[in-house]
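Trainee: quick one: sequence and predicted model below, then my questions.
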Amino acid sequence: MNAGVFAFPINKTSTVSRSSGIASAALGALAAGLLVILVGALARIPLAKVPENTLKFVVGIMLTTFGTFWLGEGFGVAWPLADVFLLILAAIYNFIVGDMVILIGVALAVTILALINNVGALAPLRGFSGPFLVIAVLASLVATLSREGFPSTVSG
């Protein structure tokens, strides 16, 4: 009895399935490419109405989200909620990039309020603390909304 035959069986279908796998992968890539071209052609007119900066922002968030997720996958990270965690990553990056202006504005207002309440030279401004906080938070919100609602017309 030859032990080598049992230890290393030769499967002739493995060669066939490997070449078939390459062909099906090529067909899948071709179908995906044609689908992207078709969707792009159909969505061209509606997408032309979206401001360029908004498209760049969304694409940047998507690339960063998928890149982070796949990097984690490569390092063997077990993401909570599996693929649904992509939405959580996108929300985190959207906050960091988009809403950070609000966070910085509020943090700056709180810092100024702390100075007003703790520095003796600024004591006369203590009565203005409440209105100052309201104005600072509203200014941060207006700055963020106007940035998104009225994108810059300067192109570079």
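Mentor: In hand now; what should we look at?
Trainee: where does this structure dip in pLDDT?
Mentor: Within the chain, the segments meeting pLDDT under 70 span 1-20, 98, 144-156.
Trainee: and it, what are its domains?
Mentor: Listed by automatic domain parsing, the domain ranges of the chain are 1-49, 51-156.
Trainee: which of those sits most buried?
Mentor: Highest mean neighbour count of the domains of the chain: domain 51-156, a mean of 12 (counted as mean count of other CB atoms under 10 Å). C-beta coordinates here come from the backbone N, C-alpha and C atoms, glycine included.
Trainee: tell me how far that domain lies from the chain's centre.
Mentor: Taking CA atoms, centre = their mean, to the nearest Å, one finds domain 51-156 lying 13 Å from the centre of the chain it belongs to.
Trainee: have a look at the protein and report its longest helix.
Mentor: Ranked by residue count under DSSP state H, the longest helix found in the chain is helix 13-48.
Trainee: which strands and helices sit next to that one?
Mentor: Contacting helix 13-48 under the criterion 3 or more CB pairs under 8 Å, 6 or more residues apart in numbering; DSSP states H and E is no other helix or strand.
Trainee: how far off helix 13-48 does the helix or strand just after it point, in degrees?
Mentor: Going down the chain from helix 13-48, the next helix or strand is helix 52-74, by DSSP states H and E. In terms of direction (axes from the mean of the first three to the mean of the last three CA atoms, to 10 degrees), helix 52-74 departs from helix 13-48 by 160 degrees.
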